[in-house]
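Colleague: Next come a sequence and a model predicted from it.
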Amino acid sequence: MAPRARGELTRLVVPPQPARDLNDLFSAHRGTTAVFYRRRMEPSPIRHPRLVVLVSGSGSNLQALLDATADGRLPAGVVAVVSNQADALGLERAADAGVDAAVLECDAGRERADYDAELAELVASYEPDWIVLAGWMRLLSMSFLGRFPARVVNLHPALPGELPGTRAIERAWDEALAGTRTESGVMVHLVPDEGVDDGPVLATATVPIDTSAGFDRFAAAVHCAEHDLLVRTVADLCGEGTPIDRTPTDGRTSSDDLTPIR
């Protein structure tokens, strides 16, 4: 028999059947021919979770996500990259990967809530399962977060409760030089509200600070920890990744032999 095209209707003819009992399926059609139609469908492809990534700068963490979706470590698809900066390198990374890239800049004097509402509309148009803030340098208001409850994930280069806000790597290094810090790290957390880097923690990794190795070595270790932890955490959220240990003492990353994504 020749193969049928996807979605073709197949005619199934059931000849007259002798009734076996009162519950016989065809008792009402005894002495007739019952004709039924069944749609032959190919199995639907597996739908991977859809990610929208927000970036403001170089997008090295975005690149880690793109690489992981390409090689199968992350069972998801980056469907769009959105930036608030037209010259963000992350937009080029998205274009190189064949991913939709969009820019929504905030004009001077524009109300934050108004901008965030428009940003939410843009992001929602891609029907994301998760929104990942990967170097997004704007605080989001509830005009955005309220549209995606428990679905916005942020990466921050410090451990929970430490060094919120910008320049966390530089501040950790300065404290180490002052003798008040021996380690820092990275965390991935949910963003439920307008708090700064203090949402429910999903995962952490600790990075020791060796001041004798220099700042660049420490910064490279932090960035490598970011790339690894972000991919593993998002994979875990998407349901098919290797479960990760969420304790802040595990996942220590040394500065030895590390090459962050550029």
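Modeller: Yep, that arrived. Numbering: from 1, shown residues only.

Colleague: Only C-alpha atoms from now on, for both contacts and neighbour counts.
Modeller: Will do.

Colleague: Is residue 75 in contact with residue 50, as I believe?
Modeller: No. When contacts are counted by Cα atoms under 8 Å, residue 75 is not listed as touching residue 50 (9.6 Å).

Colleague: List the residues that contact residue 222.
Modeller: Residue 222 makes contacts with 157, 169, 185-186, 207, 253, as judged by Cα atoms under 8 Å, 6 or more residues apart in numbering.

Colleague: Mind checking the pLDDT average for the longest helix seen in the chain?
Modeller: When the chain is parsed with DSSP state H, its longest helix is helix 215-237. Mean pLDDT, computed over helix 215-237, is 97.

Colleague: With just CA atoms, put that helix into CSV.
Modeller: Listed next in CSV are the C-alpha coordinates belonging to helix 215-237 (Å, rounded to 0.1, in the frame of the first residue of the first chain):
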residue,chain,number,x,y,z
PHE,A,215,42.3,40.1,39.1
ASP,A,216,42.0,38.8,35.6
ARG,A,217,42.4,35.2,36.7
PHE,A,218,39.7,35.6,39.3
ALA,A,219,37.3,37.4,36.9
ALA,A,220,37.8,34.6,34.4
ALA,A,221,37.0,32.0,37.0
VAL,A,222,33.8,33.8,37.9
HIS,A,223,32.7,34.0,34.3
CYS,A,224,33.3,30.3,33.7
ALA,A,225,31.3,29.6,36.8
GLU,A,226,28.5,31.8,35.4
HIS,A,227,28.4,30.0,32.1
ASP,A,228,28.4,26.5,33.6
LEU,A,229,25.9,27.2,36.4
LEU,A,230,23.4,29.1,34.1
VAL,A,231,23.3,26.3,31.6
ARG,A,232,22.9,23.6,34.2
THR,A,233,20.2,25.5,36.1
VAL,A,234,18.1,26.3,33.0
ALA,A,235,18.5,22.7,31.9
ASP,A,236,17.2,21.7,35.3
LEU,A,237,14.3,24.1,35.0
